[in-house]
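In: quick one, what's the 3D model for this:
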Amino acid sequence: MSESEAVNPLLRESPPSPAEPVTAPGSLRALRLARSWSVDDVAVRIKYTARQVDALESGRLEDLPRGLALRGLVRSYARLMSVDSAALEASLAQYIGPVKGGIAQHTSIRALTTAHDVDRRPGSAGWLVLILLVVVAACAVAIWQGLIPAGLVPEWLRSALR
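Out: Residues are numbered from 1 along each chain as shown. Next up, the predicted model:
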């Protein structure tokens with residue numbers, strides 16, 4: 001037994017039974033090995049890097065991202081192994097941290113809302129006037145050419161366009 005295995009018992013854990021909750025990252029490694037999958041196989045299937053998968057299995061949590069990214073990694077890996085992630089998430093709560101409000105509180109979403117605010121620059125009004133003039137001109141030409149039935153055009157407008 002190597003020195004790291006003696007210090008970290010998570011590295012030599014046997015695969016849990018289906019009814020037993022997964023509470024240690026090393027259990028994920030045992031489940032992966034029971035399926036004869038490599039770290040790269042798991043990484044491709046859950047769309048995380050092999051380095052991150054290996055760090056999670058080895059218990060090197062300082063090499064992993066914190067917060068929602070770690071929770072997503074744990075959930076994806078647990079789903080792939082067909083186990084419940086709740087117990088594992090609870091054991092990693094100090095690394096995941098509190099997640100309040102879900103995606104609505106995520107910083108990238110707040111940044112997107114400010115980027116999509118209506119832009120009220122002076123040039124915007126000019127474009128609006130130009131578009132309105134083009135629409136009016138197109139309607140006038142359609143009436144003048146007879147493309148719009150006479151019954152739909154008011155008399156005052158027909159007389160103005162003659």
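
In: what ranges do the strands span in this structure?
Out: Under the criterion DSSP state E, the chain contains no strands.

In: any low-confidence regions in this protein?
Out: Across the chain, the ranges flagged by pLDDT under 70 are 1-23, 99-122, 162.

In: what about the helices in it?
Out: For the chain, the helices defined by DSSP state H cover 3-7, 25-34, 39-46, 50-58, 68-80, 86-91, 93-96, 107-115, 122-144, 155-160.

In: mean neighbour count added to the ones you listed, as JSON lines?
Out: Any C-beta I mention is one placed from the backbone N, CA and C, and that applies to glycine too. Shown next, in JSON lines, are those (neighbours: other CB atoms under 10 Å):
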{"stretch": "helix 3-7", "mean neighbour count": "10"}
{"stretch": "helix 25-34", "mean neighbour count": "20"}
{"stretch": "helix 39-46", "mean neighbour count": "16"}
{"stretch": "helix 50-58", "mean neighbour count": "19"}
{"stretch": "helix 68-80", "mean neighbour count": "18"}
{"stretch": "helix 86-91", "mean neighbour count": "16"}
{"stretch": "helix 93-96", "mean neighbour count": "14"}
{"stretch": "helix 107-115", "mean neighbour count": "8"}
{"stretch": "helix 122-144", "mean neighbour count": "11"}
{"stretch": "helix 155-160", "mean neighbour count": "10"}
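
In: count the residues that sit near residue 148.
Out: 12 (other CB atoms under 10 Å).

In: what's the answer for residue 149, then?
Out: 8.

In: so how far is residue 96 from it?
Out: Separation of residue 149 from residue 96 (CB to CB, to the nearest Å): 67 Å.

In: repeat that for residue 126.
Out: From residue 126 to residue 96 the distance is 51 Å (CB to CB).

In: what of residue 37?
Out: Counting by CB to CB - residue 37 and residue 96 are separated by 25 Å.

In: try residue 43
Out: Distance from residue 43 to residue 96, by CB to CB: 20 Å.

In: equivalent analysis for residue 155, please.
Out: Counting by CB to CB, the gap from residue 155 to residue 96 is 73 Å.

In: and residue 27, by the same measure?
Out: 17 Å.

In: can you check residue 78 too?
Out: In terms of CB to CB, residue 78 sits 13 Å off from residue 96.

In: then residue 47?
Out: From residue 47 to residue 96 the distance is 19 Å (CB to CB).
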